[in-house]
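Undergrad: Pasting the sequence and the predicted model now:
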Amino acid sequence: MNAETNPTIDRVVTSGTFSLDGGTWDVDNNVWIIGDADECIVIDPAHDPAAIVEAVNGRTVKAILLTHGHDDHIRYAGEFRELTKAPVSLHKDDWMLWHDVFPGTDPDNAIADGDTFTVAGATLEAIHTPGHSPGSVSFHLPSEGTLFSGDTLFQGGPGATGRSYSDFPTIIESIRTRLLSLPGDTVVRTGHGDATTIGSESPHLDEWIARGH
């Protein structure tokens, strides 16, 4: 591994379903792979473990990081862990969602605010951003000017807060205090859909609050 080589960031889009509160919806998820030719970290290995393993392409998976515990993001994390032998990490405040999907088991590690994960000479920092779920976490990769926001911040506004364990004022506070303070040119790579930037989203905070969605 060459520490002076910037890590690559690859996206795999997978398709499946999201279920909560008695409803089920079709969704496409962004799976993010950060690494070099030898090793990588995978964020949210959703729906299609075989396709993600193919994209990993023989590299050592150092960690499986989950931005939150909704079933579209975690349901196949157990299978992906078996395929890669990599530990799964999830913020403790979302472990109840893990237990709904994997009764009687726990993730390998609990993510805490400020935790760091090193891969390919670069460091990801965990930022606790509750609201979409209590244990939602975003991962900041400052060396690449990139934030992996999960379902906390999207192009056009905050993630959904109309279901169990979610709270609109909490997600607004997380975005306002933890994310919009990042440099404006920070690229926001989301859990679903297209990327955006902090600078593109920050002017619209008051609009989101007025909409209350």
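TA: Noted; the coordinates are in hand.
Undergrad: pLDDT weak spots in the chain?
TA: Residue ranges of the chain with pLDDT under 70: 1-5, 213.
Undergrad: so after the strand or helix carrying Glu82, what's the next helix or strand?
TA: Taking DSSP states H and E as the definition, one finds Glu82 inside helix 77-84. Where DSSP H and E defines the elements, the next helix or strand beyond helix 77-84 is strand 88-91.
Undergrad: in this structure, which spans are strands?
TA: With DSSP state E, the ranges of strands along the chain come out as 8-20, 23-35, 39-43, 60-65, 88-91, 109-111, 116-119, 122-128, 137-141, 146-150, 153-154, 157-158, 187-190, 196-197.
Undergrad: Identify, out of the ones you listed, the most deeply packed stretch.
TA: strand 146-150 (a mean of 27; mean count of other CB atoms under 10 Å). For the C-beta atoms, the positions are set from N, CA and C on the backbone; glycine is no exception.
Undergrad: Remind me what it packs against, helices and strands.
TA: Under the contact definition 3 or more CB pairs under 8 Å, 6 or more residues apart in numbering; DSSP states H and E, strand 146-150 sits against strand 137-141, strand 187-190.
Undergrad: Format these as TSV; extra columns: distance to Arg211.
TA: As requested, the helices and strands packed on strand 146-150 are exported to TSV (distance: least, CB to CB, whole Å):
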stretch	distance to Arg211
strand 137-141	21
strand 187-190	19
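Undergrad: Any idea which of those gets closest to Ile33?
TA: strand 187-190 (11.1 Å; CB to CB).
Undergrad: Stretch 164-177 spans what distance, first to last residue?
TA: Taking CA to CA, to the nearest Å, stretch 164-177 runs 23 Å from one end to the other.
Undergrad: Can you list the neighbours in contact with that stretch?
TA: 20-21, 96-97, 128-134, 136, 152-153, 158-161, 205, 208-209, 212-213 (CB atoms under 8 Å, 6 or more residues apart in numbering).
Undergrad: For PyMOL, write the selection for the buried entries among the residues you listed.
TA: Buried residues within the contacts of stretch 164-177, by 16 or more other CB atoms under 10 Å, are selected in PyMOL with:
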select buried, resi 20+97+128+129+130+131+132+133+134+136+152+153+158+159+160+161+208
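Undergrad: just checking, Ile64 touches Lys85?
TA: No. Using CB atoms under 8 Å, Ile64 is not in contact with Lys85; the gap is 10.3 Å.
Undergrad: What residues does the nearest residue to Asn29 once chain neighbours are set aside make contact with?
TA: Once flanking residues are discounted, Asn29 sits nearest to Ala46: 3.8 Å by CB to CB, 6 or more residues apart in numbering. If a contact means CB under 8 Å, 6+ apart, then Ala46 has Thr14, Gly16, Asn29, Val31, Asp72, His73, Arg75, Tyr76 as its contacts.
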